[in-house]
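In: could you work out the structure for the sequence below:
(chains A, B, C and D)
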There are 2 protein chains.
Amino acid sequence: MTVKPAPNENLLTPSEVATLFRVDPKTVTRWAKSGKLSSIRTLGGHRRYLESEVQALLSGVPQPRHAH
Amino acid sequence: MTVKPAPNENLLTPSEVATLFRVDPKTVTRWAKSGKLSSIRTLGGHRRYLESEVQALLSGVPQPRHAH
DNA sequence: ACGCAATTGGGTAATTCGGGGC
DNA sequence: CGTGTCCGAATTACCCAATTGC
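Out: Just a heads-up that it's a prediction; the model follows:
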């Protein structure tokens, strides 16, 4: 059987991420804008976030960041 | 090597596309109506979408647009 | 021919976007 | 510097009944 790289990533809406972090959805948008959080865009421009990334951040797992 | 456009393309149903973008199937229909997403029609009027186009859009790759 | 999930269409709430200011 | 809030405009989600797919 083929080893599938799981192209199917669960996505979260801005409000869902905001609820998880207990912040305003606008704040989540700022995180995305500043590159702290990666995001997918709908064809209408609305953002969707990777559940795995959000979960990792919630778990306190440091995300890969640019060495500075 | 030549870049060959695949003649027979895998087709996705509205709900499948909706799941990939984390939106409502009706929203995908709206994208098709507005020309943001190309679609094939069944003989009964139901829409089918090109998997390659959907994947490209998910990847953030801008689709080739018709020059006018 | 029948059943059932999915899709279609319209209409109306709820979110989200972007910018600006505190 | 980061966050919450206000605003208008745009996008998306949920409601219905009828049609289509398999």
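
In: OK, contacts around A:Arg48?
Out: A:Leu11, A:Leu12, A:Thr13, A:Ser39, A:Ile40, A:Arg41, A:Thr42, B:Phe21, B:Arg22 (CB atoms under 8 Å, 6 or more residues apart in numbering or on different chains). Yep, even glycine has a C-beta here, placed from its N, CA and C like the rest.

In: try 7 Å this time
Out: Going by CB atoms under 7 Å, 6 or more residues apart in numbering or on different chains, A:Arg48 touches A:Leu11, A:Leu12, A:Thr13, A:Ser39, A:Ile40, A:Thr42, B:Phe21, B:Arg22.

In: A:Ser38 too?
Out: For A:Ser38, counting by CB under 7 Å, 6+ apart, the contacting residues are A:Leu50, A:Glu53.

In: can you check A:Trp31 too?
Out: By CB under 7 Å, 6+ apart, the neighbours of A:Trp31 are A:Leu37.

In: who in chain A is up against DNA strand D?
Out: By the rule CB under 7 Å from any atom of the strand, the part of chain A lying against DNA strand D is A:13, A:23-24, A:26-27, A:30-31, A:34, A:42-46.

In: which of these lies closest to DNA strand D?
Out: A:Gly44 (1.8 Å; CB to the nearest atom of the strand).

In: so that closest one is in which element?
Out: Assigned by DSSP states H and E, A:Gly44 belongs to no helix or strand.

In: quick check: A:Arg48 is in a helix.
Out: No: read with DSSP: H, G, I helix; E, B strand; the rest coil, A:Arg48 is strand and lies in no helix.

In: now intersect the contacts of A:Arg48 with the helices, please.
Out: Under the assignment DSSP state H, the contacts of A:Arg48 contribute B:Phe21 to helices.

In: sorry, back to before: now which of the residues of chain A next to DNA strand D would you call buried?
Out: Neighbour-count burial (16 or more other CB atoms under 10 Å in any protein chain shown) applied to the residues of chain A next to DNA strand D gives A:Thr13, A:Trp31, A:Thr42, A:Leu43.
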